[in-house]
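A.B. asks: Mind looking at a prediction? Sequence and model below.
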Amino acid sequence: MVTVEDYRSDFENEWCPGCGNFGILEAMKAALVDLGLEPHQVLIVSGIGQAAKTPHFLKCNAFHGLHGRALPVATGAKLANHALTVLVNAGDGDCYGEGGNHFMAAIRRNLDITLIVHDNRIYGLTKGQASPTSDLGMPTRIQPEGTVSEGFNPLAAALALGAGFVARGFSGDKAQLAMLIAAGVRHKGFALIDVLQPCVSFNHIHTHGWYKQRVFDLAAEGHDAGDWNAAMAHGRQWGDRIPLGIFYQEQKPTFIDRIGMLQKGPLIDQAAVAFEL
Ligand SMILES: Cc1ncc(C[n+]2csc(CCOP(=O)(O)OP(=O)(O)O)c2C)c(N)n1
Ligand code: SF4
Ligand SMILES: [Mg+2]
């Protein structure tokens with residue numbers, strides 16, 4: 001039986017003490033164990049950033065690539081071997097900024113990939129510039145008078161693009177986050193889990209305590225995850241009360257369902273390749 005120990009890596013971890021990334025890493029391990037997945041069945045893909053170092057700290061198949069380019073790599077890997085469980089770890093800058101177009105394309109394709117975005121609302125690795133999810137007017141080390149762009153809302157954008165699984169977790173609630181990650185992996189199709197992640201070094205506004213005072217569980221308030229309009233309304237909710245949980249879930253045909261030759265099994269097991277739709 002697979003255990004958390006099977007995923008323990010010996011890589012040295014230099015995330016700052018107190019960083020929310022630790023909670024996400026623990027929740028990922030718990031989810032993979034809960035799913036009963038052996039490390040050889042799992043591929044974790046990332047781009048560049050503090051979040052993107054996550055695959056180093058999990059002992060399974062991993063690909064650490066270029067900034068903003070995790071989703072194209074994950075797409076190729078999933079198409080070549082769709083028997084693999086593929087997860088992506090990305091930062092808010094990595095996924096919604098440099099990789100924004102790939103985010104849109106991945107939702108539209110609906111490949112069976114789980115995307116976990118470590119949303120610290122800042123560029124952490126490059127020491128504190130505003131990211132796409134930094135709110136309008138948020139002061140940073142580089143923009144002391146505040147950002148001059150509107151913040152990007154990933155949940156509302158994903159819903160508007162037709163995503164079949166849209167969720168938000170919090171690194172400070174590992175049990176709920178592990179549940180959300182496992183649900184995202186179980187969902188057949190593209191799954192977005194945006195994770196509120198404090199960056200203790202460069203985001204002094206969205207701290208662990210700031211989130212603790214505001215987050216609430218959508219499920220406990222009777223939210224119907226099949227109701228797109230309610231999901232969108234909660235997706236736009238921010239401020240004194242911040243919802244967590246599964247905002248929306250709908251089963252749709254995946255990219256693999258739509259391609260005839262992929263029905264015959266993973267490409268890596270097929271001797272001759274003749275493309276047919
Ligand atoms: C194409 C490209 N542009 C910019 C950079 C520099 N860069 C590296 S990490 C990073 C920001 C990372 O922020 P985020 O994705 O939010 O991850 P975090 O470090 O906050 O986890 C930037 C701008 C790069 N490596 N490649
Ligand atoms: S800079 Fe921020 S995101 Fe990066 S390790 Fe430190 S606390 Fe975490
Ligand atoms: Mg970031």
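C.D. replies: That came in fine, so what should we check first? Ligands and ions are numbered 1, 2, ... in the order given.
A.B. asks: Now the residue of the stretch 151-277 of the chain found nearest ligand 3. Nearest residue, chain neighbours left out?
C.D. replies: Ligand 3 sits closest to Cys199 of the stretch 151-277 of the chain, with a gap of 6.7 Å, by CB to the ion. Every residue, glycine included, has its C-beta placed from N, CA and C. Using CB to CB, 6 or more residues apart in numbering and skipping the chain neighbours, the partner closest in space to Cys199 is Asn120 (3.8 Å).
A.B. asks: same check, this time on Ala219
C.D. replies: Gly245 (5.1 Å).
A.B. asks: For the one you found, give me phi and psi.
C.D. replies: Backbone torsions for Gly245, taken as degrees, to the nearest 10, come to phi 130, psi -160.
A.B. asks: Tell me which residues touch the residue nearest to Cys199, please.
C.D. replies: 20, 50-51, 91-92, 131, 197-199, 202-203, 206 (CB atoms under 8 Å, 6 or more residues apart in numbering).
A.B. asks: Tabulate these (a markdown table), appending pLDDT, secondary structure and neighbour count.
C.D. replies: Converted to a markdown table, the contacts of Asn120 look like this (pLDDT from 0 to 100; DSSP: H, G, I helix; E, B strand; the rest coil; neighbours: other CB atoms under 10 Å):
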| residue | pLDDT | secondary structure | neighbour count |
| --- | --- | --- | --- |
| Gly20 | 98 | coil | 29 |
| Gln50 | 97 | coil | 25 |
| Ala51 | 98 | helix | 31 |
| Gly91 | 98 | strand | 35 |
| Asp92 | 98 | helix | 27 |
| Ser131 | 98 | coil | 28 |
| Gln197 | 98 | coil | 30 |
| Pro198 | 98 | coil | 26 |
| Cys199 | 98 | coil | 28 |
| Phe202 | 97 | coil | 20 |
| Asn203 | 97 | coil | 23 |
| His206 | 98 | coil | 23 |
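A.B. asks: quick one: which of the residues you listed is nearest to Ala156?
C.D. replies: Ala156 has its nearest neighbour among the contacts of Asn120 in Asp92, at 14.5 Å by CB to CB.
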